[in-house]
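Q: 3D, please:
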Amino acid sequence: MGTIGQQQTSTAMTSSVVVSLDFDSASDAMALVGLLGVEADHYKVGLQTLTAAGPDLPRQLVSLGKRVFLDLKLHEIPTSVAGAVKEAGKLGATWVTVHASAGSTVLRAAVDAAAAFPHLEVLALTVITSLSDEDLPEIGLAPSVDAQVQRLALLASKAGCHGVVASAREAKLLRQVLPEGALIVCPGIQLLGGGGGDQRRIADPAAAAEAGASHVVIGRAITAADDPVAAFRTAMNAFLDGARRAT
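A: Residues are numbered from 1 along each chain as shown. Model prediction:
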């Protein structure tokens, strides 16, 4: 079991833009996958789509050679989390998420369970992007979001997780405190001119890459676009531009 960053060299991503398949049917999801073709190789399957379409959808994506980010956001006792991670591995998932706030014992159980599947990496979810500093006292946490994200990310690193999920606003801070090469996966990404919806901590792909994100997750800005292929290309080019500015 290693710390964040040590397993990064085993993860060769041809695309840093992860497309979130937020659909209520497998047919709609696969129609988008077919439209994007070979340009997009990494897809997020979250709670809505997994509940609607079941495990056959990630299996189908894997059979097409796609990488699957199974965003389960696990927050349960260690035995239950370990069992779910094993099933994610059997499906062929590339990433699976566990809430860092579940604690180090749960995180270590997830990492240990993933070890049987060389292709599977555990991402620790820090603070969901719909929360801001003002929301934290309501759930018993002291502001700021930055402090909470850093605390949870370091906990995940110590527990051996392969990376973290946080907004792009915290990516620069995380890049400074986590080991070199750590996976920093950022949701809440919008193309320029797009709205954030129910997400409070948002950014565009270029800003996320420049801040230190290794990957960005984009849903409606691509899936609901008039031209999803053009939107994906715009996102990919913007990310690459930001990454170049960061070097």
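Q: buried ones in stretch 65-84?
A: 66-72, 74-76, 78, 81-82, 84 (16 or more other C-beta atoms under 10 Å). For every residue, glycine as well, the C-beta is placed using N, CA and C.
Q: now swap in stretch 90-98 and tell me
A: For stretch 90-98, the neighbour count (16+ other C-beta under 10 Å) marks L91, G92, A93, T94, W95, V96, T97, V98 as buried.
Q: ok, now stretch 141-159?
A: 141, 145, 147-150, 152-157, 159.
Q: rebuild those as CSV, extending it with secondary structure.
A: Below are the buried residues of stretch 141-159 laid out as CSV (DSSP: H, G, I helix; E, B strand; the rest coil):
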residue, secondary structure
L141, coil
V145, helix
A147, helix
Q148, helix
V149, helix
Q150, helix
L152, helix
A153, helix
L154, helix
L155, helix
A156, helix
S157, helix
A159, helix
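Q: pull up the distance across stretch 48-59, start to finish.
A: Terminal residues of stretch 48-59 are spaced 16 Å apart (C-alpha to C-alpha, to the nearest Å).
Q: now swap in stretch 46-63 and tell me
A: Across stretch 46-63, the terminal residues are separated by 18 Å (C-alpha to C-alpha).
Q: buried stuff in that stretch?
A: For stretch 46-63, by 16+ other C-beta under 10 Å, it's G46, T49, L50, A53, L57, P58, Q60, L61, V62.
Q: please, which helix or strand holds K73?
A: Assigned by DSSP states H and E, K73 belongs to strand 67-74.
Q: okay, now the unreliable bits of this protein?
A: With pLDDT under 70 as the threshold, the chain has low-confidence stretches at 1-14, 193-200.
Q: geometric centre of it: which residue is closest?
A: V185 (4.7 Å; C-alpha atoms, centre = their mean).
Q: ok so that residue is a strand residue?
A: Yes: assignment of V185 by three-state DSSP places it within a strand.
Q: need the residues that contact the helix ranked longest in the chain.
A: Taking DSSP state H as the criterion, the chain has its longest helix at helix 228-246. The contact list for helix 228-246, computed with C-beta atoms under 8 Å, 6 or more residues apart in numbering, reads 15-17, 19, 32, 35-37, 39-40, 189, 191-192, 204-212, 216, 218, 221-222, 225.
Q: now do stretch 131-140
A: For stretch 131-140, the external contacting residues (C-beta under 8 Å, 6+ apart) are A142, P143, S144, V145, Q148, R200, R201.
Q: out of the residues you listed, which comes closest to A116?
A: Closest approach between those and A116, by C-beta to C-beta: Q148, at 31.4 Å.
Q: contacts only, for that closest one.
A: By C-beta under 8 Å, 6+ apart, the contact list for Q148 reads T126, V127, L136, L141.
Q: how about the strands in this protein?
A: Counting by DSSP state E, the chain has strands at residues 17-20, 42-45, 67-74, 95-99, 121-125, 163-165, 183-186, 215-218.
Q: can you list those strands in a markdown table and add distance to A109?
A: Listed next are the strands of the chain as a markdown table, based on distance: least, C-beta to C-beta, whole Å:
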| stretch | distance to A109 |
| --- | --- |
| strand 17-20 | 25 |
| strand 42-45 | 22 |
| strand 67-74 | 10 |
| strand 95-99 | 9 |
| strand 121-125 | 10 |
| strand 163-165 | 17 |
| strand 183-186 | 19 |
| strand 215-218 | 24 |
